[in-house]
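Peer 1: just coords:
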């Protein structure tokens, strides 16, 4: 007999040591998330995966699953708060979807659609974040960074390189690369790195490859993000 | 011109040697490196990267997190005005403007010749003797126009800080009311002797019987913390004293550490005895750097008297010593798991909990983190017993509380009361008149209005970390709240979305009201943001960041209403204000360089 908790009234089996989101995604139940990735250690920063566990709100990516937990996720209250968090991520950076190569493949954009986000709601911060086009094969567009740290974790834990890190504090938090010049070209980053393909938004992009897949035929053009659950990442890398 | 690398090696080598070339001590290494060179030069970082075997990103990530580390030159004299509301009320803004004018510098920017920079910093804990500032991280109190001018002369003449008048650096204790903690006559070692007589379990029983709760604000029961830590398996156990007193308006730990350091260190040693630790660490906020020599001297004296070291007081097998670690300007490090991250030489980001520090703390080992005052109180429990202590104060709040009183009162300073004292009594004692409000426990605490002055300080009513800021009728409570909101936006660590973005959105909303663009719509926005911060934030900073606004809206609504010039909604965008940069570039400020509408003309 496997242990279970309930998610919006449905039984979800889990193994010891699994977090709520891991068990939920494995069982085919989508919980909105951006900084969570099944291949990496939990970070717990975007807070989109917040659920109510026995009436108390907590991030489902850092909360261990336990027998008999009553977990609520698809409620109007939680989704409206998730929508507000998504709006915050949009106004914090500079996200111009129509001109972004990642449009249609972007998890932030897809999550916004999923949550019925119609406007950015808040005033835009319009931060000044210069591009880094120094690398021969890759471009860094920091305007779109949502500080999920997936590239940081991929580079450190999989590639063994520490190409990326978070720096600064508060609203001045930002991504840096491991070079005195601050330029990607001066790091040991390569196209084969896990970090090169992990960005959920459009920060880390290969050069000279645009519109290889036309708009309308991209990942989230075909079906919404919740339909992919956690298999979407595997499919994308095929 | 970049300095040759050799220069950096010369001062970095002894620092690295002192810290065993361990990246664990990155914070302390960076602090000392900067004390030598004034800022963290890229060559110095190159050398540290190589010597500590860490990626450059690690060093830059840490250095850029803390306000007092500089990756760019900041001037040979770095002046930081304390920006608490109490400093503001004492005229700090005008004094800073005067200094900037005198020295011909813009706030936040280094002078062209690299001599000086002038900026604001969060509360430096000198609220009873402000306005205060830090020069090269050393505190200067009681600023006046005359003192500003004198400091400008000293800077222009490039007089070394060590030769500045000692009077500038005098920090008074200002103890106005003494209770059991602030009584004189504590004999170092006496509490330890008493604890040894009780035995570790007996001592824990006394702490349990005392009902002592943490003095840092949250009020967690001390005995439960100690017991959980004692019972947690681990290779080593650690005692950490949280002296990162960053809550604006709080300065009691400064006084406890200045006048009662023996009691604090002895409390830490007692804790080490109970939980089976060999090492204690005092995490002292960078703003209190001036206390270092004094505290090191107390530690040295305690080692001489065998109150620290191997076999403490001849107790076979009980080895314990204490190190001092300095913070570098980050309020969030007062949160215990962020503090531990910082002790480990990392960015001060609160950890995901559970697990809690009592089982997985410093180096993932069981760790007790307690406030300065909590440790001091345990000495009295060891000496006189838990039952005696429990009889002081109220039913659920045993003992006394040391309060830092500042703001509009005749006698600001330190007051120790048994729990259960009323706000009214405290106002009377400190000589406050025409008081309209008191902010208890700092920006994250509660705004108490006149109608509530019979409320009492106790965990049952108003829980407190020790700040008590008084505002008389002349003060604008909206501006008080706005100051606090700016504080939270500045101190948010940036880890989680709601707090990182939400505190800045809240700041912008308060500035919008300040600039005369407020409407009822903005009230709703503030309420929505509060709900979001409360339910989605990663730690207490985000949870409490809306407190001052919600409290002042509820209790001082007229202060907001005078700013609600608009019925429905008006955008924050201001066309005239947005031309500011253009005016500055062209050197114009005449009426032709402004856009006016009728409304503004009438204001």
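Peer 2: Structure received. Here the structure is a predicted model, which means the values were calculated and not measured.

Peer 1: residues contacting the closest residue to chain A within the stretch 1-150 of chain B?
Peer 2: The minimum distance from the stretch 1-150 of chain B to chain A, using CB to the nearest CB, falls at residue B:57 (3.4 Å). For every residue, glycine as well, the C-beta is placed using N, CA and C. Taking CB atoms under 8 Å, 6 or more residues apart in numbering or on different chains as the criterion, residue B:57 is in contact with A:162, A:163, A:164, A:165, A:167, A:176, A:177, A:178.

Peer 1: Just the element for it, please.
Peer 2: Taking DSSP states H and E as the criterion, the element that holds residue B:57 is helix B:56-63.

Peer 1: Past that helix, which element shows up next along the chain?
Peer 2: Tracing the chain past helix B:56-63, the next element assigned as helix or strand by DSSP H and E is strand B:77-82.

Peer 1: circling back to that earlier point, closest to residue B:123 out of the contacts of residue B:57?
Peer 2: Each of these was scored against residue B:123 by CB to CB, and residue A:167 proved nearest at 24.9 Å.

Peer 1: Let me know whether the closest one touches residue B:65 as I believe.
Peer 2: Yes - the pair residue A:167 / residue B:65 is scored as a contact, 7.4 Å apart, by CB atoms under 8 Å.

Peer 1: anything in contact with each of these two?
Peer 2: With CB under 8 Å, 6+ apart as the test, residue A:167 and residue B:65 reach no residue in common.

Peer 1: These two: which has the busier surroundings?
Peer 2: Higher neighbour count among residue A:167 and residue B:65: residue B:65, with 29 against 22, using other CB atoms under 10 Å in any protein chain shown.

Peer 1: can you map out the strands along chain B?
Peer 2: Taking DSSP state E as the criterion, chain B contains strands spanning B:77-82, B:116-121, B:133-135, B:138-140, B:175-177, B:238-243, B:279-284, B:321-326, B:367-371, B:400-407, B:413-418, B:435-440, B:446-449, B:467-472.

Peer 1: What strands flank the third one, and is each parallel or antiparallel?
Peer 2: To tie it back to what came earlier, the one meant is strand B:133-135. Under the criterion DSSP bridges, strand B:133-135 sits next to strand B:77-82 (antiparallel), strand B:138-140 (antiparallel) in its sheet.

Peer 1: now the longest one
Peer 2: Listed by DSSP bridges, the sheet partners of strand B:400-407 and their directions read strand B:413-418 (antiparallel), strand B:467-472 (parallel).

Peer 1: re earlier: ranking the strands paired with strand B:133-135 by burial, who's on top?
Peer 2: Sort the strands paired with strand B:133-135 by mean neighbour count, taking mean count of other CB atoms under 10 Å in any protein chain shown, and strand B:77-82 sits at the top with a mean of 25.

Peer 1: how far does that one sit from the chain's center?
Peer 2: 16 Å (CA atoms, centre = their mean, to the nearest Å).

Peer 1: Can you pull up the most central residue in chain A?
Peer 2: Within chain A, one residue has its C-alpha closest to the average C-alpha position: by CA atoms, centre = their mean, that is residue A:34, at 2.6 Å.

Peer 1: and chain A, which residues reach chain B?
Peer 2: A:42, A:44-48, A:50, A:57, A:59, A:62, A:81, A:84-85, A:88-89, A:91-92, A:122-123, A:125, A:146-147, A:162-173, A:176-180 (CB under 8 Å from any CB of the partner chain).

Peer 1: For residue B:313, see how far away residue B:305 is.
Peer 2: Remark: distance between residue B:305 and residue B:313 (CB to CB, to the nearest Å) = 8 Å.

Peer 1: Having no further points to raise, I will conclude here.
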